[in-house]
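>>> sequence first, predicted model second:
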Amino acid sequence: MEHLNKTKVLLCGPATSALGGGPTHIRSLLASGLVERYELIHFETGSRGRESPATDETRVARALRLLVSPFALGRAISRSGAEIVHLNSVLDHKALWRDAVYALVCRALGRKVVVQMHGGSLPDLCRFAVMRPLVRLALSIPDAIVLLASKEERDFGEHAIGVQPFVIPNGIDISPYRGATRVHSGRLRRLAYIGRLIRAKGIFEAIDAVELLRADPRFRDVELRIAGSGPAAEEIERAIRKKRLDDCVQLTGPVYGAAKIDFLREADAFVFPTYHREGLPYTVLESLAAGTPVIATRVAGIPDVVRDGVHGRLVAPRDAEQIAAAVRELSASAPALQAMSRECAMWAAEAFSLDRLAERFAEVYERLETGDRMARAPSG
């Protein structure tokens, strides 16, 4: 009976059991205060596999899924009685056209549709002049577009897309991090990385930075622990052996739940020098919540959440020297590093909690319930 007066929202995205940022986002929304105001119904879309995006889905299975998925979505909308459909997408060609079709299905059935973008690159989509009108057309179909970062919002303006999106950063469950107050050691001895093991995440640059630091007598005891899985694992192991860093760089495998929180709290700094097409990496938010200062690149939504000199240091992509320099700078003052750790935890609790996430999405849904589409900016 508790659902009778709630607006139904069909939440479309990857399986909640899969690994990756997309499934984490779906789980976050389902665990947030949104469920007190809306009936959220999860409808599985996207690639099928243990990870998101999937690496273990066959081409035939993928083709069949894409062919039938618009019809499956239409059926789910009709059966669920959802009034709002929340699509989770990416700013790349494959996802854009797929989700434009999904949005058309929603509009044809008289439903409001929100499309949330998780990474990708609008400048890449609009690289060729002939594509810009088509991209504008596809992005004009939804009733609302949600982005993760202010940079993405600026891209919309610079490429004259003609819509005014909402900017809502990811959120995480802060409660597990409140169990015990962290007191940072004031030293930078143990560095940590969590994420997919691919070259574009900057892992090799982080290893190079450790090599540079170990040549300095002040940092002979620096270590790097790398948690995660992915296709570059063997190449990373070879690089570690080649540089003779076996005693200080370690691959631990994936970490989850309480083990992940402990992993982050045991680290003196979180290193994430990515140049991948990120949205807003959850591991960065989790590091902040753990009170672990972040050394990361100025990529996608990271500068929105890691204020340079306040929550860590921002460095250029593909630059091991800058990573090493950031470690040296943060090590200069133990009291300052301890204060930075406290600021990280407070900032995460204030800005990136599930309560804050629920508030922002409730604002979007409420506007759609009142019949308000997102504002259209002048096109040019």
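That came through fine.

>>> longest helix in the protein, by residue count?
helix 59-80 (DSSP state H).

>>> quick check: next helix or strand after that helix?
Sequence-wise, the next helix or strand downstream of helix 59-80 (DSSP states H and E) is strand 84-91.

>>> how near is the nearest residue to residue 171 once chain neighbours are set aside to residue 170?
Counting by Cβ to Cβ, 6 or more residues apart in numbering, residue 357 is the residue found nearest to residue 171 once chain neighbours are left out, at 3.0 Å. From N, CA and C alone the C-beta is placed, and that goes for glycine too. Applying Cβ to Cβ, to the nearest Å, the value for residue 357 to residue 170 is 7 Å.

>>> picking that back up, now the residue nearest to residue 171, what's its secondary structure?
helix (DSSP: H, G, I helix; E, B strand; the rest coil).

>>> and it, how many neighbours?
Residue 357 has 23 neighbours, counted by other Cβ atoms under 10 Å.

>>> residues contacting it?
Residue 357 makes contact with 28, 29, 32, 168, 170, 171 under the criterion Cβ atoms under 8 Å, 6 or more residues apart in numbering.

>>> can you tell me the closest non-neighbouring residue to the fifth one?
For residue 170, the nearest residue in space outside its immediate sequence neighbours is residue 280; the separation is 4.8 Å by Cβ to Cβ, 6+ apart.

>>> pretty sure that neighbour sits in a helix.
No. Counting by three-state DSSP, one finds residue 280 to be coil, located in no helix.

>>> what's the angle from the lowest-mean-pLDDT helix or strand in the chain to strand 84-91?
Least confident helix or strand, the chain: helix 59-80 with a mean of 88, by mean pLDDT, DSSP states H and E. Calculated by axes from the mean of the first three to the mean of the last three Cα atoms, to 10 degrees, helix 59-80 forms an angle of 160 degrees with strand 84-91.

>>> show me what helix 59-80 is packed up against.
strand 7-13, strand 38-44, helix 93-108 (3 or more Cβ pairs under 8 Å, 6 or more residues apart in numbering; DSSP states H and E).

>>> mind listing what's buried along that helix?
Going by neighbour count (16 or more other Cβ atoms under 10 Å), the buried part of helix 59-80 is 69, 73, 74, 76, 77.

>>> starting at the chain centroid, how far to it?
Between the centre of helix 59-80 and the centre of its chain there are 25 Å (Cα atoms, centre = their mean, to the nearest Å).

>>> between it and strand 7-13, how many degrees?
Here helix 59-80 runs at an angle of 180 degrees relative to strand 7-13 (the same axes, to 10 degrees).

>>> can you list contacts of helix 59-80?
Residues outside helix 59-80 that contact it (Cβ under 8 Å, 6+ apart): 8, 10, 12, 41, 43, 45, 47-48, 57, 82, 85, 98, 101-102, 105-106, 108-109, 111.

>>> next up, the contacts around residue 347.
288, 305, 310, 311.

>>> quick one, strands of the stretch 251-380 of the chain?
269-272, 294-297, 312-315 (DSSP state E, counting those that start in this stretch).

>>> which outside residues touch the second one?
So that's strand 294-297. Identification of contacts with strand 294-297 by Cβ under 8 Å, 6+ apart yields 191, 202, 269-275, 284, 287-288, 302, 306, 311-317, 323, 326-327, 330, 344.

>>> ok, and the most crowded of the contacts of residue 357?
Comparing those by number of neighbours (other Cβ under 10 Å), residue 171 comes first, having 26 neighbours.

>>> from residue 354, how far out is residue 170?
Computed as Cβ to Cβ, the residue 170 to residue 354 distance reads 10 Å.

>>> hey, what's in contact with both of these two?
Joint contacts of residue 170 and residue 354 (Cβ under 8 Å, 6+ apart) are residue 28.

>>> quick revisit: just checking, the residue nearest to residue 170 touches residue 148?
Yes. Using Cβ atoms under 8 Å, residue 280 makes contact with residue 148 at a distance of 4.3 Å.

>>> got any residues that touch both of these two?
169, 170, 300, 301.

>>> please read off the pLDDT at the residue nearest to the third one when sequence neighbours are not counted from the model.
Leaving aside its chain neighbours, residue 300 sits nearest to residue 278 (4.1 Å; criterion: Cβ to Cβ, 6+ apart). Here, the pLDDT recorded for residue 278 equals 89.

>>> how about residue 19?
83.

>>> and it, how far is that from residue 358?
For residue 19, the distance to residue 358 - Cβ to Cβ - is 24 Å.

>>> got it, and residue 210?
To residue 358, residue 210 is 40 Å away according to Cβ to Cβ.

>>> so who does residue 170 touch?
By Cβ under 8 Å, 6+ apart, the residues touching residue 170 are 21, 25, 28, 148, 279, 280, 282, 285, 301, 352, 357.

>>> also residue 10?
Residues in contact with residue 10, defined by Cβ under 8 Å, 6+ apart, are 41, 43, 76, 77, 80, 82, 84, 85, 86, 111.

>>> measure the nearest residue to it once chain neighbours are set aside to residue 25 for me?
Closest residue to residue 10 apart from its sequence neighbours, by Cβ to Cβ, 6+ apart: residue 82 at 3.8 Å. In this view, residue 82 and residue 25 are 18 Å apart by Cβ to Cβ.

>>> what does residue 368 give?
To residue 25, residue 368 is 19 Å away according to Cβ to Cβ.

>>> equivalent analysis for residue 272, please.
Taking Cβ to Cβ, one finds residue 272 at 18 Å from residue 25.
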